[in-house]
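Trainee: Predicted model follows, preceded by the sequence.
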Amino acid sequence: MTLANHQAIVIGAGVAGLSTALYLQRGGIATVVVDPLPPAGGASFGNAGLLSPDTAVPIALPGMLPKVPGWLTDPLGPLSVRPAYFPKAFPWLMEWIKAGRLDRVMAISDAMRALHKDSLQCWQELLGPDLYRDLIRPTGQVQVWEGSADTANAAVEQQVRDRHGIKTEKLTADDLRQMFPGISREVTRGLLVPGNGFTVSPARSVRSLGELFLNEGGQLIHERALKLIPQPSGGWMVMTNIANRFAPHVVVAGGAWSRQLLDPLGVKVALETERGYHAMLFDPEVKPTLPISNKTRAFGVTPMEDGLRVAGTVEIAGLDAPPNEGRAAALVEHARRMFPGLSGAKVRTWMGFRPSTPDSLPILGPVARHPGLHLAFGHGHFGMTGGPPSGRIVAKLILGQTSPIDPKPYAATRFA
């Protein structure tokens, strides 16, 4: 069995883990990333590719409780809970509903804004100017609605934008038809958020972080971390499927699987997997120039270098249940309804596991009772946005430097 000593071990080669590792490596700490899959093999592969520094609205909003029966009865709805999994998810769902109280939404939005506002700057720091220009499009996002009725929490979302001075521009139906030729007349109005953006390839963006990390002296090791064992003399042993690896600092950035490593240590975190689906449409007849989020039907489309990605919805069913491919097929039908010209594109479907907390904020920073253990997971729907600035925070704390923002709102102890 391999025995190896390292200065720092990061468990997880997603966007949060690789951002942390790259910041650590550049800070002078020789770092190893442990993951059974190469970058980007998990949720970082198949997300919607949105980069949203000007988004501070959490997923949990007022009025969720009456919707629970619908979550259980509509397997293809925007949010679905598989009935067999409901008892296990119930405590997390109750925390999620409590996080949707208006006073909590405003406090959470403050922490989201603080974390997200420097997202594009962090991507540029990590990638460098050439890769940033190649991969990142800081050109805005558009939200659209069908009909004249507002979605349930439109006023709350506007209140959050006003609270943080986020600039938006209202779009009429004529504006939308000029911006997006072929869009359905069912789409009647929109909102441009010019401070947001997207990546043309989430997978290549995260893979580029891995390549930069390797080029700068880091190591990527394809092993599965099975257990974290504190050492009597300090530091940690990471027992993997084939090795024992020792380091004074270990960062758990394992996404939805992070609890499997933390539960045996008595480190309780409010983490659930929101299973997300996408359909990738190759050679689409219609390809908008900006991402569009359809607020009426709770899905979005993002133009990417391989085609058009249609993503969205939430399914609560844990890590073990097989995918429901019907949810991805429903996304394709939504896209074709919004763009009737989409007909014959080749389609690839996918499911991934969003690591989600009830309040939409990640879990970051050291674990007080376990010196040398650090956390960087739980970004939910906002991993591509929050991953790089989270990596910067965690790396600075390990390096003994001042965090660019107050890390307290993201501490695991907030759920104690």
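Mentor: On my side now, so go ahead. Numbering: from 1, shown residues only.
Trainee: Which strand or helix spans P371?
Mentor: Under DSSP states H and E, no helix or strand contains P371.
Trainee: quick one, what contacts R336?
Mentor: 342-343 (CB atoms under 8 Å, 6 or more residues apart in numbering). C-betas here are computed from N, CA, C, even on glycine.
Trainee: Which residue ranges of this protein form helices?
Mentor: Taking DSSP state H, the helices of the chain run over residues 15-26, 43-46, 68-73, 86-99, 102-116, 119-127, 129-135, 154-163, 173-179, 202-215, 258-262, 325-338, 383-398.
Trainee: Give me whichever of these is most buried.
Mentor: Of all the helices of the chain, helix 15-26 carries the top mean neighbour count, a mean of 29, counting by mean count of other CB atoms under 10 Å.
Trainee: didn't A335 look like it was pressed against S343?
Mentor: No - counting by CB atoms under 8 Å, A335 sits too far from S343 to count as a contact (10.9 Å).
Trainee: follow-up on the earlier one: which of the helices of the chain has the lowest mean pLDDT?
Mentor: Mean pLDDT is lowest for helix 68-73 among the helices of the chain, at a mean of 78.
Trainee: How about exporting that one as CSV, limited to the C-alpha atoms?
Mentor: Below are the C-alpha coordinates for helix 68-73, written out as CSV (Å, rounded to 0.1, in the frame of the first residue of the first chain):
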residue,chain,number,x,y,z
VAL,A,68,-44.9,20.2,-0.8
PRO,A,69,-47.8,18.0,-2.0
GLY,A,70,-47.1,18.9,-5.6
TRP,A,71,-43.4,18.1,-5.2
LEU,A,72,-44.4,14.5,-4.2
THR,A,73,-47.0,14.0,-6.9
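Trainee: Which other helices and strands does that helix contact?
Mentor: Helix 68-73 is packed against strand 79-81, with contacts defined by 3 or more CB pairs under 8 Å, 6 or more residues apart in numbering; DSSP states H and E.
Trainee: who does the strand it packs on pair up with?
Mentor: Strand 79-81 has the following strand partners under DSSP bridges: strand 307-316 (parallel).
Trainee: any idea how far the strand it pairs with is from the chain center?
Mentor: Relative to the centre of its chain, strand 307-316 is centred 12 Å away, using CA atoms, centre = their mean, to the nearest Å.
Trainee: Next: stretch 215-232.
Mentor: Distance, stretch centre to chain centre, for stretch 215-232: 23 Å (CA atoms, centre = their mean).
Trainee: Could you work out the end-to-end span of it for me?
Mentor: Using CA to CA, to the nearest Å, one end of stretch 215-232 lies 34 Å from the other.
Trainee: again with stretch 391-408
Mentor: Using CA to CA, the end-to-end distance of stretch 391-408 comes to 15 Å.
Trainee: List of residues touching that stretch?
Mentor: 8, 16-24, 27-29, 114-115, 118, 122, 125-126, 249, 251, 364-366, 374-376, 389, 410.
Trainee: quick one: average confidence on stretch 343-361?
Mentor: 93.
Trainee: For F282, the count of nearby residues, please.
Mentor: Counted by other CB atoms under 10 Å, the residues lying close to F282 total 11.
Trainee: when you give positions from now on, start the count at 239
Mentor: With the count now opening at 239, the last piece we talked about shows up as F520.
Trainee: Okay, and the beta partners of it?
Mentor: Counting by DSSP bridges, the residues bridging with F520 are K584.
Trainee: for it, what are its contacts?
Mentor: 544-545, 583-586.
Trainee: May I see those residues arranged in a markdown table, with neighbour count and distance to V444 as well?
Mentor: Converted to a markdown table, the contacts of F520 look like this (neighbours: other CB atoms under 10 Å; distance: CB to CB, whole Å):
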| residue | neighbour count | distance to V444 |
| --- | --- | --- |
| D544 | 15 | 15 |
| G545 | 19 | 19 |
| A583 | 19 | 25 |
| K584 | 10 | 24 |
| V585 | 18 | 23 |
| R586 | 14 | 18 |
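Trainee: what's the neighbour count on the nearest residue to R415 once chain neighbours are set aside?
Mentor: Nearest non-adjacent residue to R415, counting by CB to CB, 6 or more residues apart in numbering: I421, 6.1 Å away. By the criterion of other CB under 10 Å, I421 has 21 neighbours.
Trainee: residue contacts, I421?
Mentor: Here I421 is in contact with 382, 414-415, 526, 576-577 (criterion: CB under 8 Å, 6+ apart).
Trainee: quick one: which of those residues is nearest R399?
Mentor: R399 lies nearest to V382 out of the contacts of I421, by CB to CB, at 16.3 Å.
Trainee: Quick check, that closest one in contact with P529.
Mentor: No - if you go by CB under 8 Å, V382 and P529 don't touch, sitting 10.8 Å apart.
Trainee: Neighbour count: these two, which is higher?
Mentor: P529 (27 against 24).
Trainee: Can you give me the neighbour number for P468?
Mentor: 15.
Trainee: brain fart, K408
Mentor: For K408, using other CB under 10 Å, the count is 9.
Trainee: which residues does it bridge with?
Mentor: L429.
Trainee: got a pLDDT number for it?
Mentor: 97.
Trainee: check contacts around it.
Mentor: Taking CB under 8 Å, 6+ apart, we find K408 in contact with 427-430.
Trainee: same check, this time on E523
Mentor: Contacts for E523 (CB under 8 Å, 6+ apart) come out as 579-583.
Trainee: for the contacts of I421, which one is nearest L458?
Mentor: Proximity of the contacts of I421 to L458 (CB to CB) peaks at P526, which lies at 35.1 Å.
Trainee: Buried among the contacts of E523? Need that as a selection in ChimeraX.
Mentor: To isolate the buried members of the contacts of E523 in ChimeraX, using 16 or more other CB atoms under 10 Å:
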select :580,583
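Trainee: Out of the contacts of E523, which comes closest to R342?
Mentor: Distances from R342 to those, taken as CB to CB, are shortest for L580 (38.9 Å).
Trainee: now the closest residue to that closest one other than its chain neighbours: how far from P321?
Mentor: Leaving aside its sequence neighbours, L580 sits nearest to R574 (CB to CB, 6+ apart; 4.7 Å). Distance of R574 to P321, computed by CB to CB, to the nearest Å: 30 Å.
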